[in-house]
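> Following is a predicted model, sequence given first.
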Amino acid sequence: MENNKIAVGLDIGTTKIVAMIGRKNEYGKLEVLGIGKAKSLGVKRGVVNNITQTIHSIQQAIDEAQSVSGQQIENVVVGIAGQHIRSLHHSDYITREKSDEVINEDDIENLVGQVHKLVMLPGEEIIHVLPQEFKVDSQPEIKEPIGMYGGRLEANFHVVVGQVSSIRNIGRCVKSAGLSLSDITLEPLASASAVLSQEEKEAGVALIDIGGGTTDLAIFKDGIIRHTAVIPFGGNVITEDIKEGCSIIEKQAELLKIKFGSAWPGENKETEIVSIPGLRGREPKEITLKNLSKIIHARVQEIIEHVYLEIKNYGHETQKGKLIAGIVLTGGGSQLKHLRQLVEYITGMDVRIGYPNEHLAGDSEEALSSPSYATAVGLLMEGLQKESCEVEYEVEEEQINDEPEEIEEKEVLKEVKESEYKTKEKSKSFFEKFTERFKEFLDNAE
């Protein structure tokens, strides 16, 4: 029955907009029914700067996904990123009135609610409050305080902050394209779901998602997200450098980067030359691959050093914060030749390229397991998870209502299921609550 449940991930990137529609097969793997791509024209560094063009690109991607899959798309899960996203660490506590009762979800909700009241810079809003570890009375490093006794409940939080206007602009574009938002999630978190294993998250890992306009970083340790950052450089800056350095047009620079580009200048000999046709009858240009890789190397090194600084700021060099699983590179920019070797050289950490193929059904197209689709796959997974949680309760309720005999037992069962569902509802991510408030705002803004 879950097979009929379909979800759509919409990745609004700087270079491309991807709509991916899919469902879970009988083995719990992702079966992608259709994918639509459109050139992203109204987004710069992850932020919408032209509403009309963005709406048009979203519609184009959605139309293509609909025609390929034969499905009608109404709800989408959207990822947010962009240079306006920043994160901070914050500790807070509450003193419980009834310390003789065990800690429950309400206490945690009160504590998180208190963090939500933090005063941010003008125009900013808290979009994620992620508890790291708790402290009950004076007992530290507690992962799950529910069910324990204690008078003072304290926690360290990872708080993700973003500009309200930028997020609302994305919401407005999605709505104007005739779609409704079923959820919004942070893009580095979506990419992480698609390419990281639970073991890596436990051991400590840094996910670097190199997109067209930004490079997103998400650090996990002990299975918990510890740090997120968005660096406002991506693959487009490298293309821009090639364009300027070789005096050629953007289209040629992009092709050069993909076809002949390398992040390691030592690989190319001085004699390797590529000829580029001149504009409108002008002489063709000759570019040495050595020069090309020097231009790429300089910019990539800058991006990686920025990211490595964030990893060091998180505390990778301390014994407690060591990232044993190293770095996972994903996103379109991670496909650059010899990038893995350069990142290993700069950081001294183990590096692998993250492909989202382990979640995809065996018969999926090979193109879908490209790192450039990691975010879209992650958003689709998020959407399907949300769908299956909602279905679970409905099915259970139907089953309970359909049993004609043993009324008493049926009532008890129903009560148990209801309380379970209420608990699930309570522990709903606070991001979902933000989504609900956000949807209300969009409805009122008509």
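In hand now; what should we look at? Numbers count the residues shown, from 1 in each chain.
> Return the list of helices and strands in contact with whatever helix or strand Leu309 lives in.
For Leu309, the element it lies in under DSSP states H and E is helix 289-314. Judged by 3 or more Cβ pairs under 8 Å, 6 or more residues apart in numbering; DSSP states H and E, helix 289-314 is in contact with strand 205-210, strand 215-221, strand 224-231, helix 235-246, helix 250-260, strand 273-276, helix 339-347. In short, each C-beta sits where N, CA and C put it, glycine included.
> Could you single out the most deeply buried of these?
Of these, the one with the most neighbours on average (mean count of other Cβ atoms under 10 Å) is strand 205-210, at a mean of 28.
> That one to strand 215-221, inter-axis angle?
Per axes from the mean of the first three to the mean of the last three Cα atoms, to 10 degrees, the angle that strand 205-210 makes with strand 215-221 is 170 degrees.
> helices or strands up against strand 205-210?
Short answer (3+ Cβ pairs under 8 Å, 6+ apart): strand 205-210 packs on helix 187-195, strand 215-221, helix 289-314, strand 327-330.
> so how far is that strand off the chain centroid?
10 Å (Cα atoms, centre = their mean, to the nearest Å).
> now swap in stretch 199-211 and tell me
The chain centre lies 12 Å from the centre of stretch 199-211; the measure is Cα atoms, centre = their mean.
> Need the distance between the two termini of that stretch.
25 Å (Cα to Cα, to the nearest Å).
> again, but for stretch 364-383
Stretch 364-383 stretches 19 Å from its first residue to its last (Cα to Cα).
> avg pLDDT for that stretch?
Mean pLDDT, stretch 364-383: 91.
> Report the buried residues of that stretch.
Buried residues in stretch 364-383, counting neighbours by 16 or more other Cβ atoms under 10 Å, are found at 364, 368-383.
> Quick test: name the residue nearest the centre of this protein.
The residue lying closest to the centre of the chain (Cα atoms, centre = their mean) is Glu187, at 2.1 Å.
> so who does that one touch?
Asp11, Gly79, Ile80, Ala81, Asp209, Asp216, Thr375, Gly378 (Cβ atoms under 8 Å, 6 or more residues apart in numbering).
> Just give me the neighbour total for the fourth one.
Think Ala81. Applying other Cβ atoms under 10 Å, we find 31 residues neighbouring Ala81.
> That one against Ala190, yeah?
No - at 9.3 Å, Ala81 and Ala190 do not qualify as touching, with contact defined as Cβ atoms under 8 Å.
> about what we covered before: can you give me how far the helix holding Leu309 is from the chain middle?
Relative to the chain's own centre, helix 289-314 is displaced by 22 Å; criterion: Cα atoms, centre = their mean.
> And it, what's buried?
289-293, 295-297, 299-300, 303-304, 307-308, 310-311, 314.
> Same check on stretch 16-34?
16-24, 30-34.
> Run through the residues that contact the spatially closest residue to Arg226 that is not a sequence neighbour.
With Cβ to Cβ, 6 or more residues apart in numbering as the criterion, Arg226 has its nearest non-adjacent residue at 4.8 Å, and that residue is Ile219. Each residue near Ile219 by Cβ under 8 Å, 6+ apart is listed here: Gly204, Val205, Ala206, Leu207, Ile225, Arg226, His227, Thr228, Ile311, Tyr314, Leu323.
> Dump these into TSV; add pLDDT and distance to Leu196 as well.
Conversion of the contacts of Ile219 to TSV gives the following (pLDDT from 0 to 100; distance: Cβ to Cβ, whole Å):
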residue	pLDDT	distance to Leu196
Gly204	95	11
Val205	96	6
Ala206	97	10
Leu207	97	6
Ile225	88	11
Arg226	89	13
His227	90	14
Thr228	89	14
Ile311	94	15
Tyr314	88	16
Leu323	94	12
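> and of these, the nearest to Thr52?
Checking the contacts of Ile219 against Thr52 by Cβ to Cβ gives Thr228 as the nearest, at 30.5 Å.
> wait, isn't the closest one in contact with Ala81?
No - Thr228 is beyond contact range of Ala81, at 9.7 Å (criterion: Cβ under 8 Å).
> between the two, what contacts are shared?
Leu186, Pro188, Asp216.
> Count residues in the vicinity of the second one, would you?
Other residues near Pro188 number 28, with proximity taken as other Cβ under 10 Å.
> coming back round to it: the buried residues of stretch 16-34 in strands, which ones?
Secondary structure from DSSP state E places 16-24, 30-34 of the buried residues of stretch 16-34 in strands.
> how about those residues in CSV, adding distance to Leu111 and pLDDT?
As requested, these are exported to CSV (distance: Cβ to Cβ, whole Å; pLDDT from 0 to 100):
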residue, distance to Leu111, pLDDT
Lys16, 40, 92
Ile17, 38, 94
Val18, 37, 95
Ala19, 38, 95
Met20, 36, 95
Ile21, 38, 95
Gly22, 37, 93
Arg23, 37, 92
Lys24, 34, 90
Leu30, 35, 90
Glu31, 40, 92
Val32, 40, 93
Leu33, 41, 93
Gly34, 43, 93
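> Out of the residues you listed, the closest to Lys5 would be?
Arg23 (5.9 Å).
> The closest one and Gly34, how far apart?
Arg23 sits at a distance of 11 Å from Gly34 (criterion: Cβ to Cβ, to the nearest Å).
> so where's the stretch 301-446 of the chain shaky on pLDDT?
Applying pLDDT under 70 to the stretch 301-446 of the chain flags residues 390-446.
> What segments of it are helices?
For the stretch 301-446 of the chain, the helices defined by DSSP state H, counting those that start in this stretch cover 339-347, 374-402, 407-426, 430-444.
> Quick one: the shared contacts of Thr228 and Ala81 as JSON lines, columns for distance to Lys39 too.
As requested, those are exported to JSON lines (distance: Cβ to Cβ, whole Å):
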{"residue": "Leu186", "distance to Lys39": "24"}
{"residue": "Pro188", "distance to Lys39": "23"}
{"residue": "Asp216", "distance to Lys39": "21"}
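> how about Asn268, phi and psi?
Asn268 has phi and psi values of phi -100, psi 140 when expressed as degrees, to the nearest 10.
> Contact partners for Glu74?
Counting by Cβ under 8 Å, 6+ apart, Glu74 touches Leu179, Ser180.
> again with Ala367
By Cβ under 8 Å, 6+ apart, Ala367 lies in contact with Tyr373.
> My understanding was that Ser118 contacts Ile126; is that so?
Quick fix: residue 118 is Leu, not Ser. Yes - using Cβ under 8 Å, Leu118 is in contact with Ile126, at 6.6 Å.
> Which neighbours do these two have in common?
Counting by Cβ under 8 Å, 6+ apart, the contacts common to Leu118 and Ile126 are Val159.
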